[in-house]
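S.K.: build me a model:
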Amino acid sequence: MNVFLCGQKEFGAAVFRRLLRDGVTISGVCCPLTNSRGQADRLRDAANTYRVPTLEAGTLQADRLQSGIDLIVCAHSHDFVGAATRRKAVHGAVGFHPSLLPRHRGRDAIRWTLKMRDAITGGSVYWLDDRMDAGPIAAQEYLFVDPDETVESLWREKLFPMGVELLSRVVREVSEGRIAKEYQNELHATFEPACNPPPVRRPDLLRINWKHSVERMGP
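M.R.: Numbers count the residues shown, from 1 in each chain. I've put the predicted structure just below:
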(Lines give C-alpha, C1' and ligand atoms only; values in the text may rest on other atoms or scores of the structure.)
Protein backbone atom coordinates (compact mmCIF):
# COMPACT_ATOMS: atom_id res chain seq x y z
CA MET A 1 0.00 0.00 0.00
CA ASN A 2 1.51 3.28 -1.16
CA VAL A 3 0.27 6.31 0.79
CA PHE A 4 0.80 10.06 0.57
CA LEU A 5 0.20 11.74 3.95
CA CYS A 6 -1.06 15.30 4.43
CA GLY A 7 -1.11 16.64 7.97
CA GLN A 8 0.69 18.40 10.76
CA LYS A 9 1.56 18.46 14.45
CA GLU A 10 1.64 15.47 16.76
CA PHE A 11 -1.46 13.86 15.30
CA GLY A 12 0.06 13.81 11.82
CA ALA A 13 3.29 12.41 13.25
CA ALA A 14 1.40 9.73 15.21
CA VAL A 15 -0.47 8.62 12.08
CA PHE A 16 2.84 8.59 10.17
CA ARG A 17 4.46 6.31 12.75
CA ARG A 18 1.41 4.03 12.99
CA LEU A 19 1.17 3.52 9.24
CA LEU A 20 4.86 2.66 9.09
CA ARG A 21 4.35 0.07 11.86
CA ASP A 22 1.45 -1.33 9.83
CA GLY A 23 3.82 -1.95 6.94
CA VAL A 24 2.46 0.88 4.80
CA THR A 25 4.80 2.64 2.37
CA ILE A 26 4.64 6.43 2.82
CA SER A 27 6.01 7.90 -0.38
CA GLY A 28 5.58 11.56 0.50
CA VAL A 29 4.32 14.03 3.08
CA CYS A 30 2.74 17.47 2.82
CA CYS A 31 2.98 19.52 6.04
CA PRO A 32 4.00 22.91 7.43
CA LEU A 33 7.75 23.37 7.67
CA THR A 34 7.49 25.04 11.09
CA ASN A 35 4.90 25.55 13.81
CA SER A 36 3.65 28.84 15.25
CA ARG A 37 6.76 29.06 17.48
CA GLY A 38 9.13 28.70 14.56
CA GLN A 39 10.07 25.14 15.47
CA ALA A 40 10.03 22.27 12.99
CA ASP A 41 6.60 20.69 12.62
CA ARG A 42 6.31 17.27 14.29
CA LEU A 43 5.22 15.55 11.09
CA ARG A 44 8.09 17.12 9.18
CA ASP A 45 10.50 15.87 11.84
CA ALA A 46 9.12 12.35 11.50
CA ALA A 47 9.34 12.46 7.71
CA ASN A 48 12.92 13.73 7.84
CA THR A 49 13.87 10.93 10.25
CA TYR A 50 12.76 8.33 7.73
CA ARG A 51 13.97 10.33 4.70
CA VAL A 52 10.48 10.68 3.27
CA PRO A 53 10.19 13.53 0.71
CA THR A 54 8.25 16.52 2.05
CA LEU A 55 6.17 19.21 0.36
CA GLU A 56 5.38 22.43 2.17
CA ALA A 57 1.74 22.79 3.22
CA GLY A 58 -0.24 24.71 0.63
CA THR A 59 1.74 23.46 -2.36
CA LEU A 60 0.16 20.08 -3.09
CA GLN A 61 -1.22 19.87 -6.61
CA ALA A 62 -1.79 16.98 -8.98
CA ASP A 63 1.45 17.57 -10.84
CA ARG A 64 3.41 17.47 -7.57
CA LEU A 65 1.92 14.18 -6.40
CA GLN A 66 4.07 11.19 -7.30
CA SER A 67 2.68 8.57 -9.63
CA GLY A 68 1.70 5.24 -8.12
CA ILE A 69 0.01 6.60 -4.97
CA ASP A 70 -2.80 4.30 -3.85
CA LEU A 71 -4.36 6.58 -1.24
CA ILE A 72 -3.98 10.11 0.11
CA VAL A 73 -4.45 10.23 3.89
CA CYS A 74 -5.19 13.51 5.69
CA ALA A 75 -4.36 13.76 9.39
CA HIS A 76 -4.99 17.25 10.79
CA SER A 77 -4.43 18.90 7.42
CA HIS A 78 -5.68 22.40 6.65
CA ASP A 79 -5.05 22.00 2.92
CA PHE A 80 -7.90 21.39 0.52
CA VAL A 81 -7.01 18.40 -1.66
CA GLY A 82 -8.39 19.25 -5.08
CA ALA A 83 -10.27 16.90 -7.38
CA ALA A 84 -7.40 16.55 -9.85
CA THR A 85 -5.06 15.58 -7.02
CA ARG A 86 -7.55 13.10 -5.58
CA ARG A 87 -8.06 11.50 -9.00
CA LYS A 88 -4.33 10.92 -9.38
CA ALA A 89 -4.38 8.53 -6.40
CA VAL A 90 -5.86 5.11 -7.20
CA HIS A 91 -8.46 5.25 -4.42
CA GLY A 92 -8.69 9.00 -3.83
CA ALA A 93 -8.29 10.57 -0.38
CA VAL A 94 -9.56 10.03 3.15
CA GLY A 95 -9.36 12.20 6.24
CA PHE A 96 -10.21 12.06 9.94
CA HIS A 97 -12.77 14.41 11.49
CA PRO A 98 -13.33 14.57 15.28
CA SER A 99 -17.11 14.31 15.28
CA LEU A 100 -19.88 11.95 14.29
CA LEU A 101 -20.36 13.28 10.79
CA PRO A 102 -22.58 14.72 9.45
CA ARG A 103 -22.83 16.50 12.81
CA HIS A 104 -20.36 19.32 13.50
CA ARG A 105 -18.76 19.80 10.14
CA GLY A 106 -16.12 22.50 10.29
CA ARG A 107 -12.77 23.14 11.93
CA ASP A 108 -13.88 23.51 15.55
CA ALA A 109 -15.96 20.35 15.90
CA ILE A 110 -14.70 19.57 19.41
CA ARG A 111 -15.40 23.06 20.74
CA TRP A 112 -18.92 22.97 19.32
CA THR A 113 -19.49 19.49 20.73
CA LEU A 114 -18.85 20.93 24.20
CA LYS A 115 -20.66 24.23 23.58
CA MET A 116 -23.78 22.30 22.54
CA ARG A 117 -23.41 19.93 25.50
CA ASP A 118 -23.50 16.81 23.36
CA ALA A 119 -23.54 13.66 25.50
CA ILE A 120 -22.15 11.53 22.68
CA THR A 121 -19.55 12.32 20.06
CA GLY A 122 -16.98 10.33 18.12
CA GLY A 123 -14.66 10.27 15.15
CA SER A 124 -15.17 9.74 11.45
CA VAL A 125 -12.89 8.80 8.59
CA TYR A 126 -14.51 10.05 5.40
CA TRP A 127 -13.75 10.24 1.69
CA LEU A 128 -12.76 13.72 0.62
CA ASP A 129 -14.81 15.45 -2.07
CA ASP A 130 -15.34 19.07 -3.09
CA ARG A 131 -17.35 19.93 0.04
CA MET A 132 -15.97 20.41 3.53
CA ASP A 133 -16.33 17.29 5.69
CA ALA A 134 -19.23 16.04 3.59
CA GLY A 135 -17.89 13.00 1.73
CA PRO A 136 -19.00 9.40 2.31
CA ILE A 137 -18.06 7.76 5.61
CA ALA A 138 -15.39 5.05 5.54
CA ALA A 139 -15.37 4.30 9.29
CA GLN A 140 -16.88 5.76 12.42
CA GLU A 141 -16.89 5.19 16.19
CA TYR A 142 -18.68 6.91 19.05
CA LEU A 143 -17.83 7.73 22.65
CA PHE A 144 -19.52 9.35 25.65
CA VAL A 145 -18.62 12.91 26.68
CA ASP A 146 -17.89 13.30 30.40
CA PRO A 147 -19.57 16.26 32.18
CA ASP A 148 -16.20 17.80 33.11
CA GLU A 149 -14.66 17.28 29.66
CA THR A 150 -12.44 19.97 28.15
CA VAL A 151 -11.39 20.51 24.56
CA GLU A 152 -7.89 19.31 25.46
CA SER A 153 -8.98 16.20 27.37
CA LEU A 154 -11.55 15.18 24.76
CA TRP A 155 -8.98 15.50 21.99
CA ARG A 156 -5.84 14.18 23.66
CA GLU A 157 -7.30 11.36 25.72
CA LYS A 158 -10.09 10.13 23.44
CA LEU A 159 -10.37 11.46 19.90
CA PHE A 160 -6.64 11.58 19.10
CA PRO A 161 -6.06 7.84 19.74
CA MET A 162 -9.40 7.01 18.11
CA GLY A 163 -8.35 8.90 14.98
CA VAL A 164 -5.04 7.07 14.71
CA GLU A 165 -6.79 3.71 15.04
CA LEU A 166 -9.54 4.56 12.56
CA LEU A 167 -7.12 5.79 9.91
CA SER A 168 -4.97 2.69 10.39
CA ARG A 169 -8.06 0.51 10.00
CA VAL A 170 -9.29 2.25 6.85
CA VAL A 171 -5.87 2.10 5.15
CA ARG A 172 -5.70 -1.62 5.94
CA GLU A 173 -9.21 -2.22 4.60
CA VAL A 174 -8.52 -0.31 1.40
CA SER A 175 -5.31 -2.31 0.89
CA GLU A 176 -7.43 -5.47 1.19
CA GLY A 177 -9.97 -4.23 -1.34
CA ARG A 178 -12.64 -3.56 1.28
CA ILE A 179 -13.80 -0.03 0.49
CA ALA A 180 -16.69 1.26 2.60
CA LYS A 181 -18.62 4.36 1.53
CA GLU A 182 -21.74 5.34 3.47
CA TYR A 183 -23.15 8.61 2.22
CA GLN A 184 -23.87 11.23 4.87
CA ASN A 185 -27.50 12.08 5.56
CA GLU A 186 -27.88 15.80 4.87
CA LEU A 187 -31.01 15.94 7.03
CA HIS A 188 -28.79 15.57 10.10
CA ALA A 189 -25.90 17.74 8.92
CA THR A 190 -24.69 20.71 10.94
CA PHE A 191 -21.89 23.15 10.17
CA GLU A 192 -20.41 25.59 12.66
CA PRO A 193 -17.83 28.30 11.96
CA ALA A 194 -14.27 28.08 13.22
CA CYS A 195 -13.55 30.15 16.33
CA ASN A 196 -10.15 31.35 15.06
CA PRO A 197 -10.04 30.16 11.46
CA PRO A 198 -6.69 29.74 9.72
CA PRO A 199 -6.85 30.34 5.96
CA VAL A 200 -7.90 27.42 3.78
CA ARG A 201 -5.06 26.77 1.36
CA ARG A 202 -6.32 26.17 -2.19
CA PRO A 203 -3.24 26.00 -4.45
CA ASP A 204 -5.27 24.28 -7.14
CA LEU A 205 -7.67 27.26 -7.41
CA LEU A 206 -4.86 29.82 -7.29
CA ARG A 207 -3.22 28.13 -10.24
CA ILE A 208 -6.47 28.01 -12.23
CA ASN A 209 -7.21 31.71 -11.54
CA TRP A 210 -3.67 32.71 -12.54
CA LYS A 211 -3.94 30.74 -15.77
CA HIS A 212 -7.26 32.36 -16.66
CA SER A 213 -5.86 35.81 -15.94
CA VAL A 214 -2.94 35.21 -18.28
CA GLU A 215 -5.27 33.94 -21.00
CA ARG A 216 -7.43 37.06 -20.74
CA MET A 217 -4.39 39.31 -21.00
CA GLY A 218 -3.17 37.53 -24.13
CA PRO A 219 0.40 37.43 -25.45
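
S.K.: next, the spatially most central residue of the chain: phi, psi?
M.R.: Centroid check for the chain by C-alpha atoms, centre = their mean gives residue 74 as the closest residue, at 2.7 Å. Per-residue torsions, residue 74: phi -110, psi 120 (degrees, to the nearest 10).

S.K.: so it makes contact with residue 94?
M.R.: Yes - counting by C-beta atoms under 8 Å, residue 94 is a contact partner of residue 74 at 6.9 Å. For every residue, glycine as well, the C-beta is placed using N, CA and C.

S.K.: overlap in contacts, the two.
M.R.: Taking C-beta atoms under 8 Å, 6 or more residues apart in numbering as the contact rule, residue 74 and residue 94 both touch residue 128.

S.K.: any regions of the protein where pLDDT drops low?
M.R.: Applying pLDDT under 70 to the chain flags residues 197-219.

S.K.: got the residue ranges for the strands in it?
M.R.: 2-7, 25-31, 54-56, 71-75, 93-97, 120-127, 137-144 (DSSP state E).

S.K.: which one of the ones you listed lies nearest to residue 112?
M.R.: Among those, the nearest to residue 112 by C-beta to C-beta is strand 120-127 (9.9 Å).

S.K.: packing partners for that closest one?
M.R.: When contacts are defined as 3 or more C-beta pairs under 8 Å, 6 or more residues apart in numbering; DSSP states H and E, strand 120-127 packs onto strand 93-97, strand 137-144, helix 160-175.

S.K.: including mean neighbour count, could those go into a markdown table?
M.R.: Formatted as a markdown table, the helices and strands packed on strand 120-127 follow (neighbours: other C-beta atoms under 10 Å):
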| stretch | mean neighbour count |
| --- | --- |
| strand 93-97 | 25 |
| strand 137-144 | 16 |
| helix 160-175 | 19 |
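
S.K.: now distance to residue 67 too, for the ones you listed, in JSON lines please.
M.R.: What follows is the helices and strands packed on strand 120-127, written out as JSON lines (distance: least, C-beta to C-beta, whole Å):
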{"stretch": "strand 93-97", "distance to residue 67": "16"}
{"stretch": "strand 137-144", "distance to residue 67": "24"}
{"stretch": "helix 160-175", "distance to residue 67": "18"}
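
S.K.: follow-up on the earlier one: tell me which of the strands of the chain lies nearest to residue 103.
M.R.: Counting by C-beta to C-beta, residue 103 lies closest to strand 120-127 out of these; the figure is 8.2 Å.

S.K.: now the closest one, how far from the centre of its chain.
M.R.: The chain centroid and the centroid of strand 120-127 are separated by 12 Å under C-alpha atoms, centre = their mean, to the nearest Å.

S.K.: between the helices and strands packed on strand 120-127, which one is nearest to residue 33?
M.R.: Nearest to residue 33, of all the helices and strands packed on strand 120-127, is strand 93-97, at 21.0 Å by C-beta to C-beta.

S.K.: give the partner strands of that closest one in its sheet and their orientations.
M.R.: Sheet pairing for strand 93-97, assigned by DSSP bridges, gives strand 71-75 (parallel), strand 120-127 (antiparallel).

S.K.: of the ones you listed, flag the one that's most buried.
M.R.: strand 71-75 (a mean of 25; mean count of other C-beta atoms under 10 Å).
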